[in-house]
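Peer 1: sequence unknown, structure follows:
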């Protein structure tokens, strides 16, 4: 009899020892809360942490909306994983909670599933509570009516500054408008524009200079006719708006603006351009009489086709 008691006593102690080892190795859920006392509507953090051993999986509960009646979950819960030095992971479910009504609220335990191979265990977090306080009201404060709107006193110096600022902005706008307009017209901003010299005066002056150079008398007929045609082409471009400097002699003569000229003027211009082309490009030669006659014809062409003078005040008015 004594033998049996000793035998079963040893067996019971062994079972208790094994059970204590199994319980000691069971992972524990750590529950953390920022504080247990909050003011109405204040947000605090609540988290559940668990150590994950190799080969195991942790499944946290899916929480949203209300944690319990009267306690709201703000936003979406987040899960954080941190690896420690023992080759295990600490996983944490993080919540932000609040309450919009005063009182004491019970935070129930949350089930957390721990799966290892084909075995699934359910662990529970610790229960907790929060106490929600309302905003204190100062009962000693005397209630008063809403204060009437106050009239704003007008500062005369401020009004003067506003008027001066508006005038300065207007002056700056006018200055910029005038500047960009005159710049587009290639006119100076302040200095009065000197009237442009008429094209016929410039052309006649250049023809007089060419006559004084006596190029053809120095056997420089090619240069002589190049200068005549350059002056005449420039004058045609300024007077008739024909791009004579970039066109051939044939294209210039085909321009409508020149075909309406007097037949004698047009014939003399055609002879001048054709002879100049012969001398410049075909090594042709002209007689002294032709050299003098074509210079005279060029001067007559400019004099007889010049524009009538325009009153300067009318010109300035049109440009404005």
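Peer 2: Yes, it's here. Just so you know, these numbers come straight off a predicted model, no measurement behind them.

Peer 1: any idea how far the lengthiest helix in the chain is from the chain center?
Peer 2: Determined from DSSP state H, the single longest helix within the chain is helix 156-184. In terms of CA atoms, centre = their mean, to the nearest Å, the centre of helix 156-184 is found 28 Å from the chain centre.

Peer 1: give the buried residues for stretch 50-57.
Peer 2: 50, 51, 52, 56 (16 or more other CB atoms under 10 Å). Every C-beta, even on glycine, is put in place using the N, C-alpha and C of the backbone.

Peer 1: mind checking the SS state of the nearest residue to residue 280 once chain neighbours are set aside?
Peer 2: In space, and not counting its chain neighbours, residue 280 is closest to residue 222: 5.5 Å by CB to CB, 6 or more residues apart in numbering. Assigned with DSSP: H, G, I helix; E, B strand; the rest coil, residue 222 falls in the helix class.

Peer 1: make residue 1 into 45 and carry on from there
Peer 2: Okay, residue one is now 45; in that scheme the one you just asked about reads as residue 266.

Peer 1: tell me the confidence at residue 266?
Peer 2: On pLDDT, residue 266 comes in at 89.

Peer 1: before we move on, what about residue 362?
Peer 2: Residue 362 is assigned a pLDDT of 39 by the prediction.

Peer 1: swap in residue 341?
Peer 2: The model reports residue 341 with a pLDDT of 89.

Peer 1: my read: it touches residue 316, true?
Peer 2: Yes. Between residue 341 and residue 316 a contact is recorded at 5.9 Å, counting by CB atoms under 8 Å.

Peer 1: residues of the helix or strand following the longest helix of the chain that come out buried?
Peer 2: Beyond helix 200-228 on the C-terminal side, the first helix or strand identified by DSSP states H and E is helix 243-257. For helix 243-257, burial by neighbour count (16+ other CB under 10 Å) applies to 243, 244, 246, 247, 248, 250, 251, 254.

Peer 1: stretch 277-291 now?
Peer 2: Applying 16+ other CB under 10 Å to stretch 277-291 flags 277, 278, 279, 280, 281, 282, 283, 284, 286, 288, 291 as buried.

Peer 1: with that, I have no additional questions.
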